[in-house]
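Student: Pasting the sequence and the predicted model now:
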Amino acid sequence: MSALLLRSSLGGLVTLFGSFCASRSKLVTQAAGGPHLYNLRKTMHYLTEERGHPNSPDYRIYFKTSEGKYISPFHDIPLIAENEQDNDVPAKKAKKNESEMLFNMVVEVPRWSNAKMEIATKESLNPIKQDVKKGKLRYVANIFPYKGYIWNYGALPQTWEDPDQPDKETKCCGDNDPIDVCDIGTQVCFSGQVIQVKVLGILAMIDEGEMDWKVIAINAKDPDAQNISSIEDVFKTRPGHLEATVEWFRKYKVPDGKPENQFGFNGQFKDKDFAVEIIKATHEHWRALVRKQTNKGAIICKNITCSESPFICSADEAKDVVQSAPAYGGAYPVSSELDKWHFV
């Protein structure tokens, strides 16, 4: 693909990150769809389609474009957010400063909820599902004084923490997943929502010996976003929030009998420039993954837009994947144990 075509697809920003997947410019407004055989919800750029029963192992959230083409949120949603265009008004000129970029974030877990929802990297089209361990659905415990996750939690698409690449500082290898993001905005999002975020900094968490970066970001549409542009701004305007973030990540597995998590850099947050460099590195690891230049293991790289990928598939193949999933049904009840507070 020519450099001209690449610049056209991502508004010039691709020259900084080297992405090669096609992007989309048509926007749809956010709304809620009613239940059918499947459940549709609209997010800014994309539709989500629910299959199976919420709170059950068969529940899945699939993604598709506003034109109705099914896609992978892992591989087909661009890392760098597109410039918006409303009411036929031309989009603003793209910002070329890396620290000013907006990134797409796929929300997996809404703030205050407990179900451990995640992009299913080992399933075709990588829908969001609830993690299962030893045959049981996973929920995070309520660590006093918190209820569930204390931010909207999700991932940056087109990134991958390579399990064969050790971090220079911590010497730990990646956790084999897209890089995680904590959105500290005031809006409570929903699973499958795609939002544009400003990156503020990053935390180097080490989870059972694996590097598990946590990007700290804020929804670009949040009322406070214009006043928060750095990790220092978060410390100033939201006292205690970042300290609580470290403690939450340190202890959230303890009620399950796991040891406390550890951190690189003595648990100190690194700034947004450092965060962007980590994001760039994980994006390059993803590019190698989807182009079959590195060992992908059990990860499924099926996509519909990455022209240099040997895993590209047709829209009909992608549609068949979704239609083979169970029909959408009512949510199953959850245990009252989820309301328990844990003091650790």
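Tutor: Looks like it arrived, so ask away. No experiment lies behind these values; they were computed from the predicted model shown. Numbering: from 1, shown residues only.

Student: pretty sure His283 belongs to a strand, no?
Tutor: No: with DSSP: H, G, I helix; E, B strand; the rest coil as the criterion, His283 is helix rather than part of a strand.

Student: For the chain, just list every one of the helices.
Tutor: 3-9, 14-17, 231-237, 241-251, 272-290, 315-323 (DSSP state H).

Student: For the fourth one, list every residue counted as buried.
Tutor: In this case it means helix 241-251. Going by neighbour count (16 or more other C-beta atoms under 10 Å), the buried part of helix 241-251 is Leu242, Thr245, Val246, Glu247, Trp248, Phe249, Arg250, Lys251. (Each C-beta comes from the backbone N, C-alpha and C, glycine too.)

Student: Switch the residues you listed over to CSV; also include distance to Val181.
Tutor: Shown next, in CSV, are the buried residues of helix 241-251 (distance: C-beta to C-beta, whole Å):
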residue, distance to Val181
Leu242, 15
Thr245, 12
Val246, 16
Glu247, 19
Trp248, 15
Phe249, 13
Arg250, 19
Lys251, 20
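
Student: List just the nearest of the residues you listed to Glu317.
Tutor: Phe249 (38.4 Å; C-beta to C-beta).

Student: I'd like to know the beta-bridge partner residues of the closest residue to that closest one other than its chain neighbours.
Tutor: Closest residue to Phe249 apart from its sequence neighbours, by C-beta to C-beta, 6 or more residues apart in numbering: Met205 at 5.3 Å. Going by DSSP bridges, Met205 is paired in beta bridges with Asp212, Phe263.

Student: List the contacts of the closest residue to Gly201 other than its chain neighbours.
Tutor: Residue nearest to Gly201 in three dimensions, not counting chain neighbours: Ile231, with 3.3 Å by C-beta to C-beta, 6+ apart. Listed by C-beta atoms under 8 Å, 6 or more residues apart in numbering, the contact set of Ile231 reads Leu200, Gly201, Ile216, Leu242, Phe269, Lys270, Asp271, Lys272.

Student: Could you do Ser309 as well?
Tutor: Counting by C-beta under 8 Å, 6+ apart, Ser309 has contacts His75, Val290, Arg291, Lys292, Cys301, Asn303.

Student: Using ChimeraX, define a selection of the buried residues within the residues you listed.
Tutor: Buried residues among these (16+ other C-beta under 10 Å), as a ChimeraX selection:
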select :75,290,301,303
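
Student: out of the contacts of Ser309, who's nearest Glu317?
Tutor: Closest to Glu317 out of those is Asn303 (10.7 Å), distances taken as C-beta to C-beta.

Student: Leaving out the residues flanking it, which one is nearest to that closest one?
Tutor: Spatial nearest neighbour of Asn303, chain neighbours left out: His75 (3.9 Å); criterion: C-beta to C-beta, 6+ apart.

Student: how close does Arg238 get to Pro166?
Tutor: Relative to Pro166, Arg238 is positioned 33 Å away (C-beta to C-beta, to the nearest Å).

Student: How far does stretch 298-306 sit from its chain's centre?
Tutor: Mean C-alpha position of stretch 298-306 versus that of the full chain (C-alpha atoms, centre = their mean, to the nearest Å) differs by 16 Å.

Student: so which of the contacts of Ser309 comes closest to Val106?
Tutor: His75 (11.4 Å).

Student: contacting residues for that closest one?
Tutor: Cys21, Asn126, Pro157, Gln158, Trp286, Val290, Cys301, Lys302, Asn303, Thr305, Cys306, Ser309.
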